[in-house]
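*Asks:* sequence first, then the predicted structure, then my questions.
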2 protein chains.
Amino acid sequence: MIDIFDDTYFMKKALIEAEEAYRLGEIPVGAIVVSENQVIGRGYNLTEQLIDVTAHAEIQAITAASNFLGAKFLTNCTLYVTLEPCQMCAGALYWSRVSRVVFAAEDIKRGYRAMGAKLHPKTQITTGVLEGEASNLLKSFFAEKRR
Amino acid sequence: MIDIFDDTYFMKKALIEAEEAYRLGEIPVGAIVVSENQVIGRGYNLTEQLIDVTAHAEIQAITAASNFLGAKFLTNCTLYVTLEPCQMCAGALYWSRVSRVVFAAEDIKRGYRAMGAKLHPKTQITTGVLEGEASNLLKSFFAEKRR
């Protein structure tokens, strides 16, 4: 059976969030939280606009999803994010008990894995979904910044 | 020369924040950010009230301090917190480039050190300031919860 609502479908939604960040001059990272094929939280990097290092896409998406659910824990939810979470966001995801994290591009310098941080042992992890699209968006952002 | 504004003085201010969390039924952790002996940000754990796992004391204090400064980075600032930061908060402190972190009680299970996360290599760390007071507050909170 063909599943329209697959990881690619939802990662595209996260990429749309990342493009919004790009338009605002923010490092283009976007995230969504999905529960039963429904987007229940979204967010994109707003660290410059909000003058706040904590305003990463994942943090906004987690807060939005908890607000939607009226519940602190995101069990039975999947978070899609266009870049590998940093330590802070991995820590937030750890506390959220999210069932699954799917990310697109790797962050080999500041990603949670390189930094030694951990997702919750019960959280499933899928990597590399639309990796090329997400990393091209980041590359063109930084190329434009340098110009 | 006697310095009134020492680490004990400021940790007491963080403990006052923690007591506020206690009163609200939150795990009692408090934090403040200090710049040139002035408190420029404060916060206490609000995860239950806000239904948001990201609402730790440090995150609120960092956001408040950046808001006060109109700047993302907390260089030349010290964050005082009554409990060792978790991965999420260590990650936020990493991004904030805070000059110094002072914490009271250790968190041997979920503290950033046990979890493998890292503060910024340029951030100085002081531990154990009013450790007994902070950990007694936590202990009496959990004892009361169990009752």
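*Replies:* Sure thing, it's come through. The model shown is predicted, which means the values in this text are computed figures rather than measured ones.
*Asks:* just checking, residue A:114 is part of a helix?
*Replies:* Yes: looking at residue A:114 with DSSP: H, G, I helix; E, B strand; the rest coil, it is inside a helix.
*Asks:* residues contacting residue A:108?
*Replies:* residue A:114 (Cβ atoms under 8 Å, 6 or more residues apart in numbering or on different chains). In short, each C-beta sits where N, CA and C put it, glycine included.
*Asks:* how close does it sit to chain B?
*Replies:* 16 Å (Cβ to the nearest Cβ, to the nearest Å).
*Asks:* how far does stretch A:26-37 sit from the chain's center?
*Replies:* Its chain's C-alpha centre and that of stretch A:26-37 lie 5 Å apart, by Cα atoms, centre = their mean, to the nearest Å.
*Asks:* just the pLDDT at the residue nearest to residue A:112 when sequence neighbours are not counted, thanks.
*Replies:* Closest residue to residue A:112 apart from its sequence neighbours, by Cβ to Cβ, 6 or more residues apart in numbering or on different chains: residue A:90 at 3.5 Å. Looking at residue A:90, its pLDDT reads 98.
*Asks:* okay, now residue A:37: neighbour count?
*Replies:* Per other Cβ atoms under 10 Å in any protein chain shown, the neighbour tally for residue A:37 reads 12.
*Asks:* residue B:93 is in contact with residue A:86, correct?
*Replies:* No: judged on Cβ atoms under 8 Å, residue A:86 makes no contact with residue B:93 at a distance of 12.0 Å.
*Asks:* contact partners for residue A:130?
*Replies:* Each residue near residue A:130 by Cβ under 8 Å, 6+ apart is listed here: A:8, A:11, A:12, A:15, A:82, A:104.
*Asks:* switch the cut-off to 7 Å
*Replies:* A:8, A:11, A:12, A:15, A:104 (Cβ atoms under 7 Å, 6 or more residues apart in numbering or on different chains).
*Asks:* assumed the last one was part of a helix.
*Replies:* This points to residue A:104. No: the assignment for residue A:104, made by three-state DSSP, is strand rather than a helix.
*Asks:* which ones are touching residue A:25?
*Replies:* By Cβ under 7 Å, 6+ apart, the residues touching residue A:25 are residue A:48.
*Asks:* over to the one 4 residues further on?
*Replies:* By Cβ under 7 Å, 6+ apart, the residues touching residue A:29 are A:18, A:21, A:44, A:45, A:56, A:57, A:81, A:82, A:83.
*Asks:* grab the most central residue of chain A for me.
*Replies:* Closest residue to the average C-alpha location of chain A: residue A:81 at 2.3 Å, with Cα atoms, centre = their mean.
*Asks:* now do that one, the pLDDT please.
*Replies:* Listed pLDDT for residue A:81 reads 98.
*Asks:* state the helix or strand in which it lies.
*Replies:* Residue A:81 belongs to strand A:78-83 when elements are defined using DSSP states H and E.
*Asks:* now residue A:87. Nearest residue, chain neighbours left out?
*Replies:* In this structure, residue A:87 finds its nearest non-sequential neighbour in residue B:91, 3.3 Å apart by Cβ to Cβ, 6+ apart.
*Asks:* chain B contacts on chain A?
*Replies:* With Cβ under 7 Å from any Cβ of the partner chain as the criterion, chain A meets chain B at residues A:47, A:51-54, A:59, A:62-63, A:66, A:70-72, A:86-88, A:90-92, A:94-96, A:115-118.
*Asks:* among the residues you listed, the buried ones, what's the PyMOL command?
*Replies:* Buried subset of those, written as a PyMOL selection, criterion 16 or more other Cβ atoms under 10 Å in any protein chain shown:
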select buried, chain A and resi 47+51+52+53+54+59+62+63+66+72+86+87+88+90+91+92+94+95+96+115+117+118
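*Asks:* surely the residue nearest to residue A:112 is in contact with residue A:117?
*Replies:* Yes: taking contacts as Cβ atoms under 7 Å, residue A:90 lies within contact range of residue A:117: 4.5 Å.
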